[in-house]
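**Q** Please find the sequence and the predicted model below.
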Amino acid sequence: MGAWLYDLPPLRRTLLALLLGMYEAALLLVPVPGAGQGVFREDTNLLLHLNRTYLAPLGLRGLLSALPTGAFVLLATGLGEGLRQGKPLWPWGLLGLVGGALTGALLPPDKTYWTPAYLLLALFFGVAVFAVLTRLPRLQAALRPFGTNPLLAYAVPVGLKLTFLGGPMAAALGYLGSRFGAWGG
């Protein structure tokens, strides 16, 4: 969706990205059979119902995630163009923070279902991290090769997750959990 709509002018792309609001409204207003309207739990929600009932039998489970992720791509391309043109980042960060807080009041941030709060807060944190990194002059030259290869930008976090978070971090969290309980750990 993001690639198909990328050729639109930036303002139109940003306005289309606001379709995240319609996605959230559907999650909150369309009744889930057997559960009711506005039900959004891990085991019962509109997306899970549509995936199980209609999309999974066709091998299309997860297709609905194209809507919010496509809207996020449209927002992120606006951010990328702003970076290329030397425009300030703070409007994108503000959009992510305020939008994430407002939508998060209705639906929690959830990566599994790509809720608008999750995507908008990810936009905010991306802008914040980028702003910090650009203020560290010695790191700019070192980080430039990483930013030119999107596959590397995907592979490094996955590699960290599979190695560090799966081994030493899991052991540390297990120890803390056994010592201080689930909440303290």
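**A** Yep, it's here.

**Q** Where do the helices of the protein begin and end?
**A** 2-5, 10-17, 19-29, 46-50, 66-84, 90-104, 116-134, 137-147, 150-163, 168-184 (DSSP state H).

**Q** nearest to Ala35, of these?
**A** Of all the helices of the chain, helix 46-50 sits nearest to Ala35, with 8.2 Å by CB to CB. From N, CA and C alone the C-beta is placed, and that goes for glycine too.

**Q** Where does pLDDT dip in this structure?
**A** By pLDDT under 70, the low-scoring segments of the chain are 138-154, 164-166, 169, 182-185.

**Q** Leu64: neighbour count?
**A** Neighbour count of Leu64, defined by other CB atoms under 10 Å: 19.

**Q** nearest residue to it other than its sequence neighbours?
**A** Closest residue to Leu64 apart from its sequence neighbours, by CB to CB, 6 or more residues apart in numbering: Leu47 at 5.7 Å.

**Q** From Trp90, how far out is Ala3?
**A** 27 Å (CB to CB, to the nearest Å).

**Q** And for Ala35?
**A** Going from Ala35 to Trp90 by CB to CB gives 41 Å.

**Q** got it, and Ala122?
**A** 17 Å.

**Q** Neighbour count for those two, which is higher?
**A** Ala122 (18 against 12).

**Q** and that one, what does it touch?
**A** 72, 96 (CB atoms under 8 Å, 6 or more residues apart in numbering).

**Q** how much space is there between it and Pro116?
**A** According to CB to CB, Ala122 and Pro116 sit 10 Å apart.

**Q** try Leu89
**A** 20 Å.

**Q** Between the two, tell me which one has more neighbours.
**A** Pro116 (29 against 16).

**Q** My read is that that one contacts Glu24, right?
**A** Yes: assessed by CB atoms under 8 Å, Pro116 is found in contact with Glu24 at 4.8 Å.

**Q** what's the overlap in contacts for those two?
**A** Counting by CB under 8 Å, 6+ apart, the residues touching both Pro116 and Glu24 are 103, 107.

**Q** check contacts around the residue nearest to the spatial centre of the chain.
**A** For the chain, Leu119 is the residue whose C-alpha lies nearest the centre (CA atoms, centre = their mean; 3.3 Å). By CB under 8 Å, 6+ apart, the contact list for Leu119 reads 20, 68-69, 71-72, 75, 100.

**Q** who wins for neighbours among these?
**A** Neighbour counts for the contacts of Leu119 peak at Ala71, which has 27 neighbours (criterion: other CB under 10 Å).

**Q** can you pull the contacts of that residue?
**A** Shown in contact with Ala71 (CB under 8 Å, 6+ apart): 1-2, 16-20, 23, 119.

**Q** ok, it to Glu81 distance?
**A** With distances taken as CB to CB, Ala71 is found 16 Å from Glu81.

**Q** Noted, bye for now.
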